[in-house]
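1. what would the 3D arrangement of this be:
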Amino acid sequence: MPNRTERSAEPEFRIDVDQNRFLPIGGREVHAVVSVTSRSPVLVGASVRASEVIIVDTSGSMYGEKLNEAKRAARAAVEALREGVRFAVVSGGSRARMAYPEGERRFAEVDGTTRAAALEAIGRMRAESGTRMGTWLTLAGELFATVDEGIKHAILLTDGQNNELAEEFEQALRQVTGRFVCDCRGVGTDWKVEELRRIDSALLGGGPGIIADPADLAADFRAMAQASMGKAVADVALRLWTPQNSVVRYVKQVSPTVRDLTHRAVERTPQAGDYPTGSWGTENRDYHVCVEVPAGDPGRQLRAGWVRVVLPGSGGAEDQVLASGNILAEWTADEVRATGIHPRVAHYTGQAELAQAIQDGLAARRDGDGDTATTRLGRAVALAEETGSQETARLLRKVVDVIDPSTGTVRLRTGVDKVDEMTLDTHSTRTVRTRPENGPETDGAPGPG
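-> Coordinates of the predicted model:
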């Protein structure tokens, strides 16, 4: 049975911990799936302080249909914003410019007048110059720095590859990390998945997405803006305490997307660190935690981890603990008990390996290493079969011919459409979720972090 601890709070969170707490004699690694459920009351209007920045690539390659559809998408996002929300529209080229409010580095507040003015200003955006995403994110960061706490969310759209030097781009990312959440979309097939994945990882987005047909942009932008409007609380941390002489091997978000948070911890005490999780509405997320502890004697019991959902206090205010749960360890000589792997731990271990196998295989394919590509994509096919990842299996079949899914025997396909390869790549980190004590759900859907 899961170990459950609840606390009534606003918003309401709950933690469920699923694990096999039994370790063999000499065993040291403790694995657990920590499920966090938020049933936050979604407030309306200005009662939830929220800020939104819509960043549209207006480089020269966006000329024509893509820019027209991007404008329509930006308008759809503006129309989805609640009254009272602070917002801005950024035009991104070789430098970032304020499309609305025009020429002013500030937010406007949504009302009938500002909404109409923004829709008109979006229509005046023109395609010109190059693509320097770091400058776009820097401007967004400057805007968000002018407002106090609250939901801070950006949408970024591009159709091309970043023209900045790698060190300039990385410096810009470091400067904005932790300051807002950003969801990224690429339109067409001339952009790089790894560039948007880098932004998504740093800014806790819901996973980069490909929009193959520009006509689909408006619906996607509207959905992202609506999802952002459903967030009620920002800057939530997953705080993990571990006992002395233990080591946190990893903390990974494993649903709805795979994201390694291990190196994002902020130390609160010598034995506790905060892992960022971004903004929350009413939703569920799962985390795989692995802690190495000193080996114990038969029958010894240990709290290997104490995990809490926390709103860190600011300005001297106390932290608010919203939910908590224990990760346990007990040593036994019973081989059956000690060697059992909890089904949810096994499931998400496979999902994380699946994501890596796809990314490795596609990278090898692009590099012309057919043997490695075949091996890694074959492994991905087998893992998709094992974990019930039906949508991932479908996308894999557009890149490889599957001879035997159970063994991962495949043959690389020739003449693969680039959009199929990029769709598989962007989808790779989305997972099939399992509920505590229940079977698999459908493949995870993207959404703002």
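
2. could you give me the buried positions within the host helix or strand of residue 336?
-> Using DSSP states H and E, residue 336 sits in helix 335-339. Under the neighbour-count criterion of 16 or more other CB atoms under 10 Å, helix 335-339 has residue 338 buried. To be clear about C-beta, it is placed using only N, CA and C from the backbone, and glycine gets the same treatment.

3. likewise for stretch 291-311?
-> Buried residues in stretch 291-311, counted by 16+ other CB under 10 Å: 291-293, 296, 302, 304-311.

4. tell me the SS of the closest residue to residue 411 other than its chain neighbours?
-> Closest residue to residue 411 apart from its sequence neighbours, by CB to CB, 6 or more residues apart in numbering: residue 401 at 4.5 Å. Using DSSP: H, G, I helix; E, B strand; the rest coil, the structure places residue 401 in strand.

5. cool, and residue 358?
-> helix.

6. number of residues surrounding it?
-> Neighbour count of residue 358, defined by other CB atoms under 10 Å: 26.

7. that one - nearest residue in space that isn't next to it in sequence?
-> Nearest to residue 358 is residue 428, by CB to CB, 6+ apart, at 4.0 Å.

8. where does residue 436 land on pLDDT?
-> pLDDT for residue 436: 74.

9. kindly report the same for residue 300.
-> Residue 300 is given a pLDDT of 97.

10. what sits against it?
-> Counting by CB atoms under 8 Å, 6 or more residues apart in numbering, residue 300 makes contact with 330-331.

11. tell me the phi and psi of it?
-> phi -70, psi 140 (degrees, to the nearest 10).

12. I figured residue 242 was touching residue 289, is that so?
-> No: using CB atoms under 8 Å, residue 242 makes no contact with residue 289, being 9.3 Å away.

13. where do the helices sit along the stretch 101-250 of the chain?
-> Using DSSP state H, counting those that start in this stretch, the helices of the stretch 101-250 of the chain run over residues 112-123, 133-144, 166-176, 193-202, 217-229.

14. quick one on the thing from earlier: could the buried residues of stretch 291-311 be laid out in a markdown table, adding distance to residue 224 and secondary structure?
-> Shown next, in a markdown table, are those (distance: CB to CB, whole Å; DSSP: H, G, I helix; E, B strand; the rest coil):
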| residue | distance to residue 224 | secondary structure |
| --- | --- | --- |
| 291 | 35 | strand |
| 292 | 39 | strand |
| 293 | 41 | coil |
| 296 | 48 | coil |
| 302 | 43 | strand |
| 304 | 38 | strand |
| 305 | 34 | strand |
| 306 | 35 | strand |
| 307 | 29 | strand |
| 308 | 29 | strand |
| 309 | 24 | strand |
| 310 | 27 | strand |
| 311 | 24 | strand |
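
15. just the residues you listed now: which is nearest residue 126?
-> The closest of the buried residues of stretch 291-311 to residue 126 turns out to be residue 311 (CB to CB; 42.6 Å).

16. okay, now the closest residue to that closest one other than its chain neighbours: neighbour count?
-> Residue nearest to residue 311 in three dimensions, not counting chain neighbours: residue 320, with 4.2 Å by CB to CB, 6+ apart. Residue 320: 15 surrounding residues under other CB under 10 Å.

17. direction included, what does the helix or strand hosting residue 329 pair against?
-> Element membership of residue 329, judged by DSSP H and E, is strand 320-332. According to DSSP bridges, strand 320-332 has the following sheet partners: strand 22-24 (parallel), strand 301-311 (antiparallel).

18. between the helices of the stretch 101-250 of the chain, which gets nearest to residue 326?
-> helix 193-202 (29.1 Å).

19. so which elements touch the closest one?
-> If you count contacts as 3 or more CB pairs under 8 Å, 6 or more residues apart in numbering; DSSP states H and E, helix 193-202 packs onto helix 133-144, strand 151-158, helix 166-176, strand 181-187, helix 418-427.

20. got the contact list for residue 77?
-> 52, 54, 155, 221-222, 224-225.

21. any idea how far residue 268 is from the residue nearest to residue 311?
-> The spacing between residue 320 and residue 268, counted by CB to CB, to the nearest Å, is 14 Å.

22. likewise residue 386?
-> 38 Å.

23. same thing with residue 36?
-> Going from residue 36 to residue 268 by CB to CB gives 18 Å.

24. which one of those two has more residues nearby?
-> Neighbours per residue, other CB under 10 Å: of residue 36 and residue 268, the larger number sits with residue 36, 23 against 16.

25. the residue lying closest to the more buried one once chain neighbours are set aside is in what secondary structure piece?
-> Leaving aside its chain neighbours, residue 36 sits nearest to residue 285 (5.3 Å; criterion: CB to CB, 6+ apart). Per DSSP H and E, residue 285 falls inside strand 282-292.

26. now that strand - C-alpha only, PDB.
-> What follows is strand 282-292, C-alpha atoms only, in PDB (Å, rounded to 0.1, in the frame of the first residue of the first chain):
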ATOM      1  CA  THR A 282      -5.200  21.000 -10.900                       C
ATOM      2  CA  GLU A 283      -2.900  18.200 -12.100                       C
ATOM      3  CA  ASN A 284      -0.800  15.100 -11.300                       C
ATOM      4  CA  ARG A 285       3.000  14.600 -11.600                       C
ATOM      5  CA  ASP A 286       5.200  11.700 -10.800                       C
ATOM      6  CA  TYR A 287       8.800  11.800  -9.600                       C
ATOM      7  CA  HIS A 288      11.300   8.900  -9.400                       C
ATOM      8  CA  VAL A 289      13.700   9.300  -6.400                       C
ATOM      9  CA  CYS A 290      16.800   7.100  -5.800                       C
ATOM     10  CA  VAL A 291      18.700   7.500  -2.600                       C
ATOM     11  CA  GLU A 292      21.800   5.500  -1.600                       C
END
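
27. distance from that strand to the middle of the chain?
-> 13 Å (CA atoms, centre = their mean, to the nearest Å).

28. could you do stretch 95-114 as well?
-> With CA atoms, centre = their mean, you get 27 Å for stretch 95-114.
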